[in-house]
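In: everything below, folded, please.
(one chain, ligands or ions: 2)
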Amino acid sequence: MQPPRDTLFDTPLHQVPDFVFNEDVVRVFPDMIKRSVPGYPAIVENSGVLAAQFARPDSLIYDLGCSLGAVTQAMRRHVRQHGCRIVAVDNSAAMVERCREYLQAQDAMHQELLPAEVIEADILQLQLQPCSVVALNFTLQFIAPGQRLELLTRIRQQLLPGGALILSEKLRFADETEHQLLNELHLAFKRANGYSELEIAQKRRAIEKVMLPDSLEEHRQRLQDAGFGRVHLWFQCINFASLIALP
Ligand SMILES: C[S@@+](CC[C@H](N)C(=O)[O-])C[C@H]1O[C@@H](n2cnc3c(N)ncnc32)[C@H](O)[C@@H]1O
Ligand SMILES: O=C(O)C(=O)C[C@]1(C(=O)O)C=C[C@@H](O)C=C1
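Out: Residues are numbered from 1 along each chain as shown. Ligands and ions are numbered 1, 2, ... in the order given. Model prediction:
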């Protein structure tokens, strides 16, 4: 069955409200994110592959800002280390409810998957436990800029030796010409995926105050400030990228 199509912004809105992860968004989210984020399926599946390289036996794995649990599901497909457990966290009640249903469906179809628990919580308030892998898949960009360093520092402090943070984000570019070009290419990607000019413009207005991307240089510097020793870019598609940060 096809997932419901994202038509949330296809009619003119008198006033475009700020974007929130509510039930309307949850209903169309798999379609929305696939048609909006270049490289999303590759990032999700390979987050599972990367997690399998860094997961330590008998350790905790976090998926922070899990939405419907796409990364959690990928990690369950790939991680084979003994005794691992996934904790998936989101502060949207609608996301958490649907995420639990999806993970139960995955449980029903496969045997011997890693146990996964979904918690409704603000990741800024969450008491993190020692862990070997943390995924922040397009979540940090929704955290207030002033709180990003503290969150990454807390993650770094709980990361076990040999573990990793997988950080995927939309990028902005310090160079204005590069920024314009890659932004234009992203719009071309959205058009190619069936979004109209109206949908693109209204979505941009909805996210412009709530989703604030950083540049690659800002990410590298902040990860270093948070105490990570090594940071590597492992994926980029247009203006969306994923980094791996190691203790
Ligand atoms: C773009 S979505 C993430 C997509 C998801 N990781 C995936 O791979 O499909 C951002 C998610 O972060 C969640 N979020 C934003 N701020 C949060 C916070 N402070 N605590 C927990 N979740 C948060 C939102 O509710 C939303 O579900
Ligand atoms: O940058 C955009 O135009 C987007 O739509 C991006 C983005 C994201 O990166 O999370 C924004 C909100 C939705 O969750 C899906 C995609």
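In: CA atoms for contacts and neighbours, from now on please.
Out: Noted.
In: in contact with the most centrally placed residue in the chain, which residues?
Out: In the chain, the residue lying closest to the centroid (CA atoms, centre = their mean) is Asn137, at 1.8 Å. Going by CA atoms under 8 Å, 6 or more residues apart in numbering, Asn137 touches 63-66, 71, 166-169.
In: rerun that using 6 Å as the cut-off
Out: Listed by CA atoms under 6 Å, 6 or more residues apart in numbering, the contact set of Asn137 reads 167-168.
In: tell me what the strand ranked longest in the chain is packed against?
Out: Identified as the longest strand of the chain according to DSSP state E is strand 159-170. Helices and strands touching strand 159-170, by 3 or more CA pairs under 6 Å, 6 or more residues apart in numbering; DSSP states H and E, are strand 131-137, strand 240-246.
In: format the ones you listed as a markdown table; extra columns: mean pLDDT.
Out: Shown next, in a markdown table, are the helices and strands packed on strand 159-170 (pLDDT from 0 to 100):
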| stretch | mean pLDDT |
| --- | --- |
| strand 131-137 | 98 |
| strand 240-246 | 98 |
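In: put together TSV for these, with distance to ligand 2 on each row.
Out: Output for the helices and strands packed on strand 159-170, formatted as TSV (distance: least, CA to the nearest ligand atom, whole Å):
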stretch	distance to ligand 2
strand 131-137	9
strand 240-246	8
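In: so which of those strands comes closest to Ala174?
Out: strand 240-246 (14.7 Å; CA to CA).
In: tilt between that closest one and strand 131-137?
Out: 160 degrees (axes from the mean of the first three to the mean of the last three CA atoms, to 10 degrees).
In: what lines up beside strand 240-246 in the sheet?
Out: Next to strand 240-246 in the sheet, as set by DSSP bridges, lie strand 159-170 (antiparallel), strand 230-237 (antiparallel).
In: what residues sit buried inside the shortest one?
Out: Neighbour-count burial for strand 230-237 flags 231, 236-237 (criterion: 16 or more other CA atoms under 10 Å).
In: other residues contacting that strand?
Out: Under CA under 6 Å, 6+ apart, the answer for strand 230-237 is 38-39, 241-246.
In: who in the chain is up against ligand 2?
Out: 32-33, 36-37, 138, 170, 204 (CA under 6 Å from any ligand atom).
In: excluding chain neighbours, what is closest to the residue in the chain positioned nearest to ligand 2?
Out: Ligand 2 sits closest to Ile33 of the chain, with a gap of 4.3 Å, by CA to the nearest ligand atom. Leaving aside its sequence neighbours, Ile33 sits nearest to Tyr40 (CA to CA, 6 or more residues apart in numbering; 7.3 Å).
In: give me the number of residues near the one you found?
Out: Number of residues near Tyr40 (other CA atoms under 10 Å) recorded here: 19.
In: equivalent analysis for Val20, please.
Out: Counted with other CA under 10 Å, Val20 comes out at 13.
In: I'd like the buried residues of strand 230-237 as TSV, with distance to ligand 1 appended.
Out: As requested, the buried residues of strand 230-237 are exported to TSV (distance: CA to the nearest ligand atom, whole Å):
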residue	distance to ligand 1
Val231	20
Gln236	15
Cys237	15
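In: show me which of those residues is closest to Ala174.
Out: Out of the buried residues of strand 230-237, the member with the shortest distance to Ala174 (by CA to CA) is Gln236, at 16.4 Å.
In: good, wrapping up.
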